[in-house]
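Q: give me coordinates for this.
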Amino acid sequence: VERSPDFSGLTEAFQTLRSIEYAMDVGPLLADHRDKIKPEVVWNTEEGQKVTAPQLIAAQEARGRITASAAALLEEVDAILCPTAIVPSFDVDQRHVAECDGRQFIHYFEWLAMVYGPTITGLPAISIPSGMTDAGIPMGIQLLGPARGEARLLSMAAALEEVFDWPGLPVTPAG
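A: Okay, the predicted model is just below:
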């Protein structure tokens with residue numbers, strides 16, 4: 001079935017919660033190491049330092065509403081299936097996607113909503129390869145499952161990998 005959870009307020013909630021994490025983790029480093037930190041991270045950190053209690057409450061309320069909407073849909077379906085990204089992989093020298101399909105993104109992270117949407121719910125998710133673009137760039141899909149549904153989600157992902165008949169490209173761990 002073609003349905004979607006209600007993700008209204010997602011970007012604002014994500015930005016607030018992400019900024020607070022940056023403020024806690026990176027904030028203490030800004031005074032002595034600002035020049036070594038990516039401009040996007042500096043911006044996110046400074047935004048987090050400005051978050052007010054009402055903004056935090058609104059972000060947590062939105063997170064709860066989004067999670068409840070996804071959980072309710074997952075009572076009716078086995079999993080939520082969606083693309084992993086809105087665009088194929090791009091050149092490493094490009095910092096982020098600024099526009100897609102005529103939509104300009106205000107914040108550098110907005111193009112990642114397909115990933116941070118499921119993440120904000122705290123529900124299990126998995127991304128698997130789904131094929132290649134005409135240019136030979138790998139693409140993926142992700143599955144979002146119900147709370148404590150990791151085993152079933154892994155089984156569904158394995159079944160989908162067989163359906164897609166992924167060519168078995170080797171994955172080399174970093175390090």
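Q: now residue 82: how far from residue 144?
A: Using CB to CB, to the nearest Å, residue 82 is found at 8 Å from residue 144. Using the backbone N, CA and C atoms, a C-beta is placed for each residue, glycine as well.
Q: now do the shared contacts for these two.
A: Common neighbours of residue 82 and residue 144, using CB atoms under 8 Å, 6 or more residues apart in numbering, are residue 118.
Q: quick one: which of those two has more around it?
A: residue 144 (23 against 16; other CB atoms under 10 Å).
Q: wait, what's in contact with that one?
A: For residue 144, the contacting residues are 70, 74, 79-80, 82, 118, 121, 123-125, by CB under 8 Å, 6+ apart.
Q: helix or strand: which one has the residue in the chain sticking out farthest from the centre?
A: For the chain, the residue at maximal distance from the C-alpha centroid (CA atoms, centre = their mean) is residue 32, at 30.3 Å. Counting by DSSP states H and E, the element that carries residue 32 is helix 27-33.
Q: other residues contacting that helix?
A: Contacts of helix 27-33 (CB under 8 Å, 6+ apart): 37, 42, 45-46, 48-49.
Q: what about 7 Å?
A: 37, 42, 45, 49 (CB atoms under 7 Å, 6 or more residues apart in numbering).
Q: just give me the closest of these to residue 108.
A: Checking the contacts of helix 27-33 against residue 108 by CB to CB gives residue 42 as the nearest, at 11.7 Å.
Q: so how far is residue 33 from the closest one?
A: In this view, residue 42 and residue 33 are 10 Å apart by CB to CB.
Q: shared neighbours, those two?
A: Counting by CB under 7 Å, 6+ apart, residue 42 and residue 33 have no common neighbour.
Q: circling back to that earlier point, how far does the helix holding residue 32 sit from the chain's center?
A: Helix 27-33 sits 26 Å away from the centroid of its parent chain (CA atoms, centre = their mean, to the nearest Å).
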